[in-house]
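**Q** Quick one, structure for this:
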Amino acid sequence: MMAGWHGVDPAGPASRMEELIPLLRSLWRLHEGPVGHDGRFYHVDVTPTAEMEPPRRTGIPVFTAGVNTRMVEVAGRVGDGFLGHPLFSPRYYDDVVRPAIAAGAARTGRDAELVQIAGLVICSVADDEAQARREAAAQIAFYAAPRTYWTVVEVAGFAAAGERIRQAFASRDFDAMAAAVPDAMVDAMSASGTPAQVAAKLEEFGRHMDHVIVYPASFGMTSERSRQVTADLLSAGAPAVSS
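**A** Residues are numbered from 1 along each chain as shown. Model (predicted):
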């Protein structure tokens with residue numbers, strides 16, 4: 001996917017990020033002097049050709065994303081924050097993300113507490129609770145279908161459901177994909193239901209991360225319904241929840 005979609009060499013993605021982020025920070029401080037870097041992935045030799053004024057901002061927070069342990073460690077080693085995938089459950093943040101960030105921070109002598117954790121939470125809201133939950137289930141199934149996220153599904157305790165979702169996806173049976181998502185999986189991986197239920201669930205997610213980012217469900221929905229969900233989530237947004 002890295003090569004086919006983005007034209008990027010897929011070798012060593014975690015190591016690549018760990019080299020790139022400090023290099024970016026150096027380039028953002030180019031007013032302080034030349035930047036020379038000869039690394040595994042990047043080779044830079046930049047000398048300003050004119051006098052440079054300090055930029056308005058050099059301390060730009062860099063959040064990295066990841067799924068499996070090694071990629072999550074990148075945030076701990078060199079990042080300012082970590083961005084979690086929409087499939088992540090609170091359990092995944094507690095059992096996988098935080099320990100990986102701590103391990104990464106320990107490798108480079110950093111304080112893991114300084115690394116902010118932000119998470120995308122699949123949301124669907126409607127006066128009809130059942131409708132909102134069906135919509136969230138469809139979005140969960142969309143992300144759970146690729147084997148890329150097998151670890152996330154397994155850690156949350158839904159390995160059997162994940163296999164049924166993948167089988168339905170192989171047949172391009174999108175209704176069966178959504179139907180294969182059990183209620184417990186909807187509870188663990190989304191905030192869906194009435195406005196009050198969504199707000200309560202977002203508060204629950206917020207106890208496991210620093211920033212909750214609302215992710216409106218859209219898979220299998222009409223454009224009109226998708227826009228309505230987004231508008232309703234914005235109008236019913238809870239305090240301290242990002243969108």
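
**Q** C-alpha only now, for contacts and for neighbours.
**A** Will do.

**Q** what sits up against the host helix or strand of E135?
**A** E135 is part of helix 129-144 when elements are defined by DSSP states H and E. The contact list for helix 129-144 (C-alpha atoms under 8 Å, 6 or more residues apart in numbering) reads 87, 122-126, 149-150, 153, 162, 165-166, 174-175, 177-181, 186, 189-194, 217-221.

**Q** Stretch 36-51 too?
**A** R16, E19, L20, L23, L30, H31, G33, P34, V35.

**Q** same question, stretch 89-100
**A** 69-70, 72-73, 76, 152, 155-156, 188-190, 205, 208-209.

**Q** Flag every buried residue along it.
**A** Buried positions in stretch 89-100, judged by neighbour count with 16 or more other C-alpha atoms under 10 Å: S89, P90, R91, Y92, Y93, V96, V97, R98, P99, A100.

**Q** roughly how far apart are the last one and H31?
**A** From A100 across to H31, the span is 35 Å (C-alpha to C-alpha, to the nearest Å).

**Q** could you point out which element follows the lowest-mean-pLDDT helix or strand in the chain?
**A** Here the helix or strand of the chain ranked lowest by mean pLDDT, DSSP states H and E is helix 2-6, holding a mean of 89. Downstream of helix 2-6, the next assigned helix or strand under DSSP H and E is helix 13-27.

**Q** Which strands or helices does that following helix pack on?
**A** Helix 13-27 sits against strand 35-38, helix 69-78, with contacts defined as 3 or more C-alpha pairs under 8 Å, 6 or more residues apart in numbering; DSSP states H and E.

**Q** mind checking the longest strand of this structure?
**A** strand 116-125 (DSSP state E).

**Q** can you tell me the average pLDDT over it?
**A** Average pLDDT, strand 116-125: 97.

**Q** Stretch 174-182 now?
**A** Here stretch 174-182 scores 97 as its mean pLDDT.

**Q** What residues sit buried inside that stretch?
**A** F174, A176, M177, A178, A179, A180, V181.

**Q** Any idea how far stretch 21-31 is from the middle of the chain?
**A** Relative to its chain's centre, stretch 21-31 lies at 25 Å (C-alpha atoms, centre = their mean, to the nearest Å).

**Q** And the contacts of that stretch?
**A** The contact list for stretch 21-31 (C-alpha under 8 Å, 6+ apart) reads 35, 37, 48, 51-55, 58-59, 62, 78-79.
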